[in-house]
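1. Sequence isn't available, so here's the structure alone:
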């Protein structure tokens, strides 16, 4: 299958699962804000990583369980919910005060600040709900997988993950930051969730070899960092219309970035180097070349994207 | 053991566990805000319910596993983190805009709005982290218990739980609400987490009888509603100094409450009735009178409290 076809297929799966999961039974205004925040936008990179990693480790299994795929779809929706909630809160006036996201008014502009705050909070909780199907659900994911996915997602989101990275970011606006500190911030702020997405996908299949997990972990780490380096390059070199959000904000806010630290050319070279590391990790995973095709395609996409 | 002694003992356990869990490895300012928000204050009712329910179902077991208690302590810290994060976000200017909480400046007053927002987000994630001990932790909680606790906590916190209740509250400020709608709001806003606390405690012990779970669920539901009815009474009849937060806010904000709907006397009678329902539920739980002593004590405390 061509990578573009694979992407289109998975995108349909993720969008339709999110459409079903967000958020039946919730009060109308809250549900509307949550759906506005999470549906119909974005490349779903994090969700794709979950699905691609699960597919890679299940590849060639004589009898892959339907539950593995069901867990991966729930995991994909969970990481997308966490990512989307972080954008809702990030955009609020007390944080980045951004009014435009993916070409649309941000959630607090559309629904008010209080609803935006609550919608973000509810989306984080819903992410964990999805990983533990309700009693009576027709999905049977073994408790080991449910617990592993919850643990990975929580650690990637919390004080030593994404929220921690945002706190470092906040503490350094207008202050200098050396390359090691910048890298630490990005590893937490964006890297932790991308890394966890890969591991969550792998953990949907019980009893994956340690060697495979180690290699996928290295892949996820390199890809997560490459993503941020490319983000910095795009912010410095692309216009708002292409980006779908306000460009040049990093420089305007005097935020440290790879570009401000080493320049565009060196940042590009570093992104290429991280891409090579990610591909090399797949080669020592013990998984076949065919099994890893979507993971390779996603690594290419991260480095080659224009927005 | 006297109930007061039991309370003192459990309080020490919860405080010292929270002190250890919040939040090593997090950026300094974020950790400080999280600790400020969750340590050294509050009656820990939710955490107490987890510990009391676990103790009730483990009572009389020939060989209670240390892991049951370890799970309950983590569960207790998790529900307290969720409760504390909800207060941090609730107090923010875009929500209740409160500057005083437990007699201290609220988190956004002390640390700024951006850090308060992030600290709340990080506390929610940390709650789930605690329920799934990291690989290499010396605690071994079976995956079934980890997953059950995550599912209960997520559902109680999310769009059809606490966050949903807050959204209903938000949508009705200054508008009329009938008794059924008010009850629904409270069942979600405060009841869901209190109810889940009881069930999380019970689920720390694998294979609890369905009859026991049903009875504890009824106990938790009645207690949760009683708590809110008493909260409304106290808000209408107690001064800010005793309450440790701004009193009379409900009326000032024109929020519907049990008191505004049925008056103080009827609200008191309803709280007594719910208390009786909670006690009756314990009697049909199949658990011994001695096993249920802390749960009875907590029900008394909820209805008799003065702040």
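-> Received the coordinates, thanks. What you see is a predicted model, and the numbers here were worked out from it, not measured in a lab.
2. is the longest helix seen in chain A up against chain B anywhere?
-> Ranked by residue count under DSSP state H, the longest helix found in chain A is helix A:210-237. No. Helix A:210-237 does not reach chain B (C-beta under 8 Å from any C-beta of the partner chain); its nearest approach is 10.9 Å. From N, CA and C alone the C-beta is placed, and that goes for glycine too.
3. and that helix, which residues are buried?
-> A:212-213, A:215-237 (16 or more other C-beta atoms under 10 Å in any protein chain shown).
4. One more: stretch A:191-210?
-> Those would be A:191-205, A:208, for stretch A:191-210 by 16+ other C-beta under 10 Å.
5. can you check stretch A:125-137 too?
-> Quick answer for stretch A:125-137 (16+ other C-beta under 10 Å): A:125-133.
6. Other residues contacting it?
-> Stretch A:125-137 is contacted by residues A:21-23, A:34, A:74-75, A:77-79, A:81-82, A:85, A:139-141, A:146, A:149-150, A:153-154, A:157, B:124, B:128, B:147-148, B:150-151, B:153-155, B:157-159, B:161-163 when judged by C-beta atoms under 8 Å, 6 or more residues apart in numbering or on different chains.
7. The residue lying farthest from the centre of chain A in helix, strand or coil?
-> No residue in chain A sits farther from the centre than residue A:62, which is 30.2 Å out by C-alpha atoms, centre = their mean. Of the three states, residue A:62 takes coil under DSSP: H, G, I helix; E, B strand; the rest coil.
8. can you give me phi and psi for it?
-> phi -60, psi -40 (degrees, to the nearest 10).
9. pLDDT below threshold where in the stretch 151-300 of chain A?
-> A:240-253 (pLDDT under 70).
10. Can you pull the residues of it lying near chain B?
-> A:151, A:153-155, A:157-164, A:166-168, A:170-171.
11. from these, which ones fall inside helices?
-> A:151, A:153-155, A:157, A:162-164, A:166-168, A:170-171.
12. If any of the residues you listed are buried, put those into a ChimeraX selection.
-> Buried members of those, defined by 16+ other C-beta under 10 Å, are picked up in ChimeraX with:
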select /A:151,153,154,155,157,162,163,164,166,167,168,170,171
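13. As CSV, the ones in helices among the residues of the stretch 151-300 of chain A next to chain B with distance to residue A:286 would be great.
-> CSV is the format used below for those (distance: C-beta to C-beta, whole Å):
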residue, distance to residue A:286
A:151, 24
A:153, 25
A:154, 28
A:155, 25
A:157, 29
A:162, 30
A:163, 34
A:164, 32
A:166, 35
A:167, 37
A:168, 35
A:170, 41
A:171, 41
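14. which of the ones in helices among the residues of the stretch 151-300 of chain A next to chain B lies closest to residue A:3?
-> Nearest to residue A:3 among those is residue A:153, at 26.2 Å by C-beta to C-beta.
15. ok, the closest one - contacts?
-> Residue A:153 neighbours (C-beta under 8 Å, 6+ apart): A:75, A:78-79, A:82, A:127-128, A:131, A:196, A:200, B:128.
16. Could you rerun that using 7 Å?
-> Contact partners of residue A:153, counting by C-beta atoms under 7 Å, 6 or more residues apart in numbering or on different chains, are A:78-79, A:82, A:127-128, A:131, A:196, A:200.
17. Can you add distance to residue B:99 and give those residues back as JSON lines?
-> Shown next, in JSON lines, are the contacts of residue A:153 (distance: C-beta to C-beta, whole Å):
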{"residue": "A:78", "distance to residue B:99": "36"}
{"residue": "A:79", "distance to residue B:99": "36"}
{"residue": "A:82", "distance to residue B:99": "31"}
{"residue": "A:127", "distance to residue B:99": "32"}
{"residue": "A:128", "distance to residue B:99": "31"}
{"residue": "A:131", "distance to residue B:99": "37"}
{"residue": "A:196", "distance to residue B:99": "37"}
{"residue": "A:200", "distance to residue B:99": "40"}
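18. Now do the buried residues in the helix or strand hosting residue A:298.
-> Element membership of residue A:298 [criterion: DSSP states H and E] is helix A:293-304. By 16+ other C-beta under 10 Å, the buried positions in helix A:293-304 come out as A:293-299, A:301-303.
19. Tell me the one of those residues nearest residue A:263?
-> residue A:303 (17.6 Å).
20. Tell me the spacing between that closest one and residue A:101.
-> According to C-beta to C-beta, to the nearest Å, residue A:303 stands 23 Å off from residue A:101.
21. Residue A:273: what secondary structure?
-> Applying three-state DSSP: residue A:273 is helix.
22. hmm, back to that, now what about the helix holding residue A:298, what contacts it?
-> Contacts for helix A:293-304 (C-beta under 7 Å, 6+ apart): A:3, A:6, A:45, A:48-49, A:52-53, A:55-56, A:219, A:223, A:226-227, A:230, A:271-272, A:275, A:278-279, A:282.
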